[in-house]
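Chemist: A structural model of the following input is requested.
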Amino acid sequence: MQTENVFIAHPTTTDQLNALKAVVKAMKVKFELKKEDPYVISDEDKALVLGRIKSDKGEDLLDWDTAKKQLKRK
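Modeler: Now for the predicted structure:
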């Protein structure tokens, strides 16, 4: 039987992840693990952010990873 349903779980510990994997494997359900960046932002938006944000020292933030770290701290 084919289904179009998707089940998404957000385990917060390694134990939870391992338990979920064990259950899914036991039920012979196909699954995949993904590590995704929760900050999925278009290149245009990245350029806009980088153009407007300066670091605490007044320096331009030249790359997205640096800007993202700065945004997470605030």
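Chemist: from here on, just use CA atoms for contacts and neighbour counts.
Modeler: Will do.
Chemist: name the spans of this protein whose pLDDT lies under the cut-off.
Modeler: For the chain, the stretches flagged by pLDDT under 70 are 1-3, 36-39, 50-62, 70, 72-74.
Chemist: how about the strands of it, start to end?
Modeler: For the chain, strands defined by DSSP state E do not occur.
Chemist: state which helix of it is the longest.
Modeler: Longest helix in the chain by number of residues (criterion: DSSP state H): helix 14-26.
Chemist: can you name the residues in contact with that one?
Modeler: In this structure, residues lying in contact with helix 14-26 by CA atoms under 8 Å, 6 or more residues apart in numbering are 11, 30, 31.
Chemist: from the residues you listed, which land in helices?
Modeler: Using DSSP H, none of the contacts of helix 14-26 sit in helices.
Chemist: from those residues, which is closest to residue 48?
Modeler: Proximity of the contacts of helix 14-26 to residue 48 was ranked by CA to CA; the top entry is residue 11 with 33.4 Å.
Chemist: and the residue nearest to that closest one when sequence neighbours are not counted, how many neighbours?
Modeler: Closest residue to residue 11 in three dimensions, ignoring its sequence neighbours and counting by CA to CA, 6 or more residues apart in numbering: residue 17, at 5.5 Å. Residue 17 is flanked by 14 other residues according to other CA atoms under 10 Å.
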